[in-house]
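Engineer: Starting from these lines, generate the structure:
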Amino acid sequence: MILKISRCLLLSLLLLLAIDLDAREPQKSSPARSTTENKATRARDLGIPFDGTPDKFNAITDIAGVEVGYTTLIEGEGKLVVGQGPVRTGVTAIFPRGRASNDPVYAGVFSLNGNGEMTGAAWVEESGFLEGPIVITNTHSVGVARDAVIAWRNAHGGADAEGFSWSLPVVAETWDGWLNDVNGFHVQPEHVFHALDSAQGGAIEEGSVGGGTGMICYEFKGGNGTASRKIDMKDKNGMVRTFTVGVFLQANFGRRPQLTIAGVPIGKEIPGEVYKKETGSCIAVVATDAPLLPHQLKRLARRVPLGLARTGSVSGNGSGDLFIAFSTANPNVANPDQITHNVQTIPNDLMDPIFAATVQATEEAVVNALIDNQSMTGRDNHHVDAIPHARLRELLKKYNRLQ
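Structural biologist: Numbering: from 1, shown residues only. Below is the predicted model:
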C-alpha cells in the first residue's frame, strides 16, 4: 500500500513538473510561423526598397549548414513579481555547420560599443576560430546559458583527442527588462537545450521569438531579424563564383526620432516614446560561405555598424553593440591530426562586394525585425507597439520610396 502511494505521489510530481515545463516552453517556436510557409509579413512585402539581391530565404540560413533554433518564454500578465513574472524572454541558438558538426569555423569579432556581453569572444579573437554554437538571450541569463551550452556540448561531443572536455562558448545578450522579469532568472538549462535541439535550416521566424522576445527597437517592438545577399564575383579571366552573406541580429536599440527606413524619417513621422534614454543593444551574427580568413571576417563584422547607421543608429553609451562573423568555407582546417592545411581565401582587393552585401543585409535585417512583429504588453503593463504597416506604407509613398 505504501509503495502504491509513493508511486502515485511520484507520478503526480512528474505531471506537475511537465505542466510547469510546458508553460515555460515557447508559445511560438521554429518553425511555427516561418518566414515563407505561413505568409509572415516582411519588409519587402510592404514595398520597402533595398539594395542587393537576397538568396532563397533572405535569411542567415541561406548559408548551407547554418541552423537556427529558438525557445520563446511568454507567461503571465500585470504587476511585476520578481521570480514569478510576467515573463517575456527566450533563447536563440545558431550553429555554423549544423548541430551534428563539431568542426570549428574561421571567425572574427568586433565591438562597436562594449556596454554588453559576448562570452568566448577573447578566444575567438585569439584563435581565429568559433567552436560550437552562438547563443543569444537576455542580459541576466548569460551565465545559465553559457553553462548549459557546455553541458550540451559535453553530452553531444565527448572528450577531445587528449581526453579533455572543455568549451568557451559564445553567449551574447541584450536587455529585455522593460517587458520582462529580467531579475527572475526564468531562462533555465532546459530552455537552452530546447533552442539547441530545435535548430534547423530553411525559413526561420523573426520578431518576438527566442532571445528577441522582449526586445525593443527604435521604441517599436523589436527582436530578431535576418536577411541575406547573393554575390557574383568575376575574376579577370571571366570566371564567376557565387557567394552568399547572411546576417542575423537581435535588435534592441535606438530612440524613436532616429528611425530611418529607405531614407524616410519614419521615427519623426510616427512619434512616440517608451523610455527616457537609450537602454538597448544589438548583437549581430554575419555568416558567409565565401572563403575568408579570421582577420577578413573581423573586417566583415566591422561593416555591421554601417548597416545599422542606415536605419538611424548612433550606438549610444548604454548600447552593447557586439558583432561576430564566420565563414563556413575551409572545413576541417582546425584538425590537429596533420601539421599543415591548405586553405582558400579571397584577396582583400576583391572584398568590396562582400562588404556591401554585409551592409545591405544588416539594414534589411533590422527592418525585418520591426516589420515581422506584433505589439506586446509585459511587466507592469508596459506596452510597446509594433510599427504600423499601413502608416509606414503611406509615408513611403509620401516620400516616393514605395516600391
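Engineer: now the helices for the protein?
Structural biologist: With DSSP state H, the ranges of helices along the chain come out as 2-24, 121-127, 142-157, 189-197, 266-269, 294-301, 304-310, 352-371, 389-398.
Engineer: Would you convert those into CSV that also reports mean pLDDT and mean neighbour count?
Structural biologist: No exception for glycine: its C-beta is placed from N, CA and C like everyone else's. Shown next, in CSV, are the helices of the chain (pLDDT from 0 to 100; neighbours: other Cβ atoms under 10 Å):
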stretch, mean pLDDT, mean neighbour count
helix 2-24, 39, 10
helix 121-127, 98, 16
helix 142-157, 94, 18
helix 189-197, 98, 22
helix 266-269, 98, 19
helix 294-301, 98, 21
helix 304-310, 98, 21
helix 352-371, 98, 26
helix 389-398, 98, 14
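Engineer: For residue 178, which of those helices is the nearest?
Structural biologist: Shortest separation from residue 178 across those is recorded for helix 352-371, at 16.2 Å, computed as Cβ to Cβ.
Engineer: angle of that closest one against helix 294-301?
Structural biologist: 40 degrees (axes from the mean of the first three to the mean of the last three Cα atoms, to 10 degrees).
Engineer: Which stretches in the protein count as strands?
Structural biologist: With DSSP state E as the criterion, the chain has strands at 67-75, 87-95, 105-114, 129-130, 134-138, 170-174, 216-217, 220-221, 223-234, 240-252, 281-288, 320-327, 376-377, 383-384.
Engineer: Go through these and name the closest to residue 208.
Structural biologist: For residue 208, the closest of those is strand 223-234, at 4.8 Å, according to Cβ to Cβ.
Engineer: Mind listing what's buried along that closest one?
Structural biologist: Residues 223, 224, 225, 226, 227, 228, 229, 230, 231, 233 are the ones in strand 223-234 that count as buried (16 or more other Cβ atoms under 10 Å).
Engineer: Could I get the CA-only coordinates of that strand as CSV?
Structural biologist: Taking Å, rounded to 0.1, in the frame of the first residue of the first chain, the C-alpha atoms of strand 223-234 are listed here in CSV:
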residue,chain,number,x,y,z
GLY,A,223,13.6,41.4,-31.7
ASN,A,224,15.1,39.1,-34.3
GLY,A,225,15.7,40.0,-37.9
THR,A,226,17.6,38.3,-40.7
ALA,A,227,18.4,38.9,-44.3
SER,A,228,20.9,37.7,-47.0
ARG,A,229,22.6,38.8,-50.1
LYS,A,230,23.8,36.7,-53.1
ILE,A,231,27.1,37.9,-54.8
ASP,A,232,28.5,37.0,-58.2
MET,A,233,32.2,37.6,-58.3
LYS,A,234,34.2,37.6,-61.5
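Engineer: So for that strand, mean pLDDT?
Structural biologist: For strand 223-234, the per-residue pLDDT values average out at 96.
Engineer: which strands and helices sit next to it?
Structural biologist: Contact here means 3 or more Cβ pairs under 8 Å, 6 or more residues apart in numbering; DSSP states H and E; on that basis strand 223-234 packs against strand 240-252, helix 352-371.
Engineer: which intervals of the stretch 1-150 of the chain have sub-threshold pLDDT?
Structural biologist: 1-39 (pLDDT under 70).
Engineer: got the helices and strands packed on strand 223-234 as TSV, with distance to residue 339 columns?
Structural biologist: Output for the helices and strands packed on strand 223-234, formatted as TSV (distance: least, Cβ to Cβ, whole Å):
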stretch	distance to residue 339
strand 240-252	29
helix 352-371	30
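Engineer: how about the ones you listed, which one is nearest residue 84?
Structural biologist: Each of these has some distance to residue 84 by Cβ to Cβ; the shortest is strand 240-252, at 23.5 Å.
Engineer: sorry, back to before: looking at the helices and strands packed on strand 223-234, which is closest to residue 148?
Structural biologist: Go through these one by one with Cβ to Cβ and the one that ends up closest to residue 148 is strand 240-252, at 17.9 Å.
Engineer: Now do the closest one: which elements does it pack against?
Structural biologist: Under the contact definition 3+ Cβ pairs under 8 Å, 6+ apart, strand 240-252 sits against strand 170-174, strand 216-217, strand 223-234, strand 281-288, helix 304-310, helix 352-371.
Engineer: strand partners of the fourth one, parallel vs antiparallel please.
Structural biologist: So that's strand 281-288. The strands that strand 281-288 pairs with in its sheet are strand 240-252 (antiparallel), strand 320-327 (parallel) (by DSSP bridges).
Engineer: What residues sit buried inside the longest one?
Structural biologist: In other words, strand 240-252. Neighbour-count burial for strand 240-252, counted by 16+ other Cβ under 10 Å, picks out 243, 244, 245, 246, 247, 248, 249, 250, 251, 252.
Engineer: ok, residue 88 touching residue 214?
Structural biologist: Yes. A contact is recorded between residue 88 and residue 214 when judged using Cβ atoms under 8 Å, the distance being 3.8 Å.
Engineer: Give the intersection of the neighbour lists for those two.
Structural biologist: With Cβ atoms under 8 Å, 6 or more residues apart in numbering applied, the overlap between the contact sets of residue 88 and residue 214 consists of 176, 179, 180, 208, 376, 378.
Engineer: Surely the last one and residue 79 touch.
Structural biologist: No. Between residue 378 and residue 79 there is no contact, the gap being 11.3 Å when judged by Cβ under 8 Å.
Engineer: mind checking how far residue 131 is from residue 68?
Structural biologist: Here the criterion is Cβ to Cβ, to the nearest Å. By it, residue 131 lies 18 Å from residue 68.
Engineer: The two: which has the busier surroundings?
Structural biologist: For residue 131 against residue 68, the residue with the higher neighbour count under other Cβ atoms under 10 Å is residue 68, and the figures read 29 against 22.
Engineer: Bridged to the more buried one, which residues?
Structural biologist: Taking DSSP bridges, one obtains residue 94, residue 200 as the residues bridged to residue 68.
Engineer: Could you pull up the contacting residues of it?
Structural biologist: Listed by Cβ under 8 Å, 6+ apart, the contact partners of residue 68 are 30, 60, 61, 92, 93, 94, 95, 199, 200, 201, 204, 248.
Engineer: Perfect, I'm done here.
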